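> A predicted structure for the sequence below; I have some questions about it.
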Protein chains: 2
Amino acid sequence: MFIQIEPTSEIPIYTQLVNQLMELIATGTMKPSDSLPSVRSLASDLGVNMHTVNKAYHELERKNIIQIIPKSGAVVNIIPSTGPNELQIEYIKQMVKPLIAESIVYGMDKDQISSIVNSIITEISEG
Amino acid sequence: MFIQIEPTSEIPIYTQLVNQLMELIATGTMKPSDSLPSVRSLASDLGVNMHTVNKAYHELERKNIIQIIPKSGAVVNIIPSTGPNELQIEYIKQMVKPLIAESIVYGMDKDQISSIVNSIITEISEG
DNA sequence: AATCTGTTCTAATGACATTATAACAAAATA
DNA sequence: TATTTTGTTATAATGTCATTAGAACAGATT
């Protein structure tokens, strides 16, 4: 597991976990049907509490990114080839909007913002 | 003030304020050197506590988006024509990255993500 | 049969968000 | 100049959230 937790970050540990696991799936490091480590073992590896990892897993399940099989484990879901649904699109828009507003206030123009977004996409897709 | 607070949102009130004020500046509804309402009057308008508005203002000042003049008021800063500095770029990248990872996991491709970002930029810049 | 797994429960701690008062001093206004 | 407005500061209370801890349970795996 290539996960790094920063305990002093203002970002909650379980959110850091959600983000980094999503990134591992997005990069293809973790593929659909792959098993995630058990909450106990990952918690032990990272030096955090079992409940914190469990919370992250359930957040990922709520997002339909993994599936938790009770008393067994968790596996990565299939990335839908049909693309995102409306709810997911709306959610992404809602989250991205304030960041774009902030970027504009910082003096970025359309090309600069697009360039940053594209570089991140490339970094995740190929990197 | 065209601000709408959702008290039951999981997003803190002061963060909602920061986001909506940034959007008002990004859209040009509020321009550099414009005065912001006093923390007391805005708090009264929105039905929230003075300290909550004050917290939002100080967060905007920390981001160099407004300037607080002690015992006087707050004004919108100039949008730098030189563009963002390195710290601001790194911050935006860091915040956007997990959202792009999530978008990819939802099945979006590069064009779909770019399309969403461009539509938001257009909405803010023109809409 | 023994182990591993997620689940559930209780409990404690610290941090954060919000509200409520209140008082103060400087700025703006009448 | 006197009054009002403003941000500042302080204290306190409340509720929520994040995290940890310990334990017990029952189904799944080995």
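Done, it's in.

> and A:Met22, what does it touch?
A:60, A:65, B:98, B:101-102, B:105 (CB atoms under 8 Å, 6 or more residues apart in numbering or on different chains). The C-beta positions use only the backbone N, C-alpha and C, and glycine is treated the same way.

> Show me which parts of the helix or strand harbouring it are buried, residue by residue.
For A:Met22, the element it lies in under DSSP states H and E is helix A:13-27. Of all the residues in helix A:13-27, those buried under the rule 16 or more other CB atoms under 10 Å in any protein chain shown are A:13-14, A:16-27.

> Next, A:Val76: phi, psi?
Dihedral pair for A:Val76: phi -70, psi 130, per degrees, to the nearest 10.

> Tell me the spatial nearest neighbour of A:Ile78, not counting adjacent residues.
A:Pro32 (4.4 Å; CB to CB, 6 or more residues apart in numbering or on different chains).

> Over to that neighbour. Which of the three states is it?
At A:Pro32 the chain is in coil, as set by DSSP: H, G, I helix; E, B strand; the rest coil.

> thinking again about what came up before, can you give me the mean pLDDT across the helix holding A:Met22?
Mean pLDDT, helix A:13-27: 98.

> what does stretch A:40-57 give?
98.

> Which pLDDT value goes with the nearest residue to A:Lys63 once chain neighbours are set aside?
Spatial nearest neighbour of A:Lys63, excluding adjacent residues (CB to CB, 6+ apart): B:Glu102 at 7.4 Å. Turning to B:Glu102, the model gives it a pLDDT of 98.

> Quick check: A:Gly47 vs A:Pro7, distance?
Remark: distance between A:Gly47 and A:Pro7 (CB to CB, to the nearest Å) = 8 Å.

> I misspoke; the intended subject was A:Ala43.
13 Å.

> A:Leu17 too?
12 Å.

> Equivalent analysis for A:Ser115, please.
Distance from A:Ser115 to A:Pro7, counting by CB to CB: 33 Å.

> the more surrounded of those two?
A:Ser115 (12 against 9; other CB atoms under 10 Å in any protein chain shown).

> follow-up on the earlier one: ok, and the most crowded of the contacts of A:Met22?
Counting neighbours by other CB under 10 Å, B:Val105 leads those with 26 neighbours.

> After the helix or strand hosting A:Gln94, heading C-terminal, what element do we hit next?
Take DSSP H and E as the rule and A:Gln94 turns out to sit in helix A:86-105. Going down the chain from helix A:86-105, the next helix or strand is helix A:110-125, by DSSP H and E.

> Okay, buried residues for that following helix please.
So for helix A:110-125, counting by 16+ other CB under 10 Å, buried means A:112-113, A:116-117, A:120-121, A:124.

> got the residues of chain A near DNA strand D?
Counting by CB under 7 Å from any atom of the strand, chain A comes close to DNA strand D at A:7, A:12-15, A:47-52, A:55, A:69-72.
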